[in-house]
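Colleague: Provided below are the primary sequence and the corresponding predicted coordinates.
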Amino acid sequence: MHIDPLEKKWIQISLGMVSLFMGIIMIDALFHGVNAPSNVETIDSRKIHLSEEFAEENLGVQVAENGDITVRMVAGRYAFFPKHITLPAETRVTFRWVSMDVLHGVHMPMTNMSTMIVPGYVSQIESSFPRPGEYPMLCNEYCGLGHDHMWSKALVIEKEEWQATRAKQAAVLNTTATADEESNNE
Amino acid sequence: MTEISEEERKKILESPPVGTWVLMLSVGSGMVVAWLFLYYGVFLSRGIIN
């Protein structure tokens, strides 16, 4: 088959570019751990509210004793619950998402957060927010007539401010608990 | 349009297609730069997902 020399050159350039891109992706995948999300966990979507992890009081931002921050969110037509969360900037945060009804997706512009939320599975993504500000969480999988209204917000504040707010909240809770205890003793 | 002689026409056809090569290299390098920017500047800089 005759191929014009210039067409051959175009083919060579195209193949060269594809090889370069594939090579970079392969090197990152094999040696630097850049892979597709691999967390596979199942959950009964009909009983999310009864599950220990995604019960209503456990939703939102949770801080472990070692300081790890986990955000548990439930997607349902047509919102992400809780509707508003506050997070610290420049801190690694683990998001765990479940769907209570149909297939949803979540996208937070200017971050790495973009994943499908498949009913029956837990989607887990680690993210961080370099700058304080208001980050919308948008559904990016068509889920019904109210899909375009399905969004929530994450308010990202400075790390120090976030820690101070947490400490203040903890102090208020302690005071309330002590007062409750005292009134019970009386 | 200016008429060109048969000799000139032959010379043009036999000369290397410099314009096409410039086009090839500029399109190719532009695409490579754009891809590298999206991969390293946008995708990886926002953090990897595992």
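Modeller: Arrived safely, thanks for sending. These figures come from a predicted structure and were not determined experimentally.

Colleague: so which helix or strand takes in B:Val32?
Modeller: For B:Val32, the element it lies in under DSSP states H and E is helix B:18-36.

Colleague: which other residues reach that helix?
Modeller: Contacts made with helix B:18-36 from outside it, assessed by CB atoms under 8 Å, 6 or more residues apart in numbering or on different chains, are listed as A:Leu6, A:Lys9, A:Trp10, A:Ile13, A:Gly16, A:Met17, A:Leu20, A:Phe21. Where you see a C-beta, it was placed from the backbone N, CA and C, and this is true even at glycine.

Colleague: next one: stretch A:133-146
Modeller: A:73, A:75, A:77-78, A:80, A:101-111, A:113-114, A:116-117, A:129, A:147, A:150-156.

Colleague: which of the residues you listed fall within strands?
Modeller: Taking DSSP state E as the definition of strands, the contacts of stretch A:133-146 contribute A:73, A:75, A:80, A:104-107, A:114, A:116-117, A:151-156.

Colleague: return the distance of the residue nearest to A:Gly60 when sequence neighbours are not counted relative to A:Glu126.
Modeller: When the adjacent residues along the chain are set aside, A:Gly60 lies closest to A:Pro82, with 4.7 Å between them (CB to CB, 6 or more residues apart in numbering or on different chains). From A:Pro82 over to A:Glu126 the distance is 20 Å, taken as CB to CB, to the nearest Å.

Colleague: go on, A:Glu181?
Modeller: To A:Glu126, A:Glu181 is 38 Å away according to CB to CB.

Colleague: returning to that earlier point: isn't the residue nearest to A:Gly60 right up against A:Gln62?
Modeller: No - A:Pro82 lies out of contact with A:Gln62 (CB atoms under 8 Å); the separation is 11.7 Å.

Colleague: what's the burial count for the residue lying closest to A:Ser152 once chain neighbours are set aside?
Modeller: Spatial nearest neighbour of A:Ser152, excluding adjacent residues (CB to CB, 6+ apart): A:Phe80 at 4.0 Å. By other CB atoms under 10 Å in any protein chain shown, the residues close to A:Phe80 number 24.
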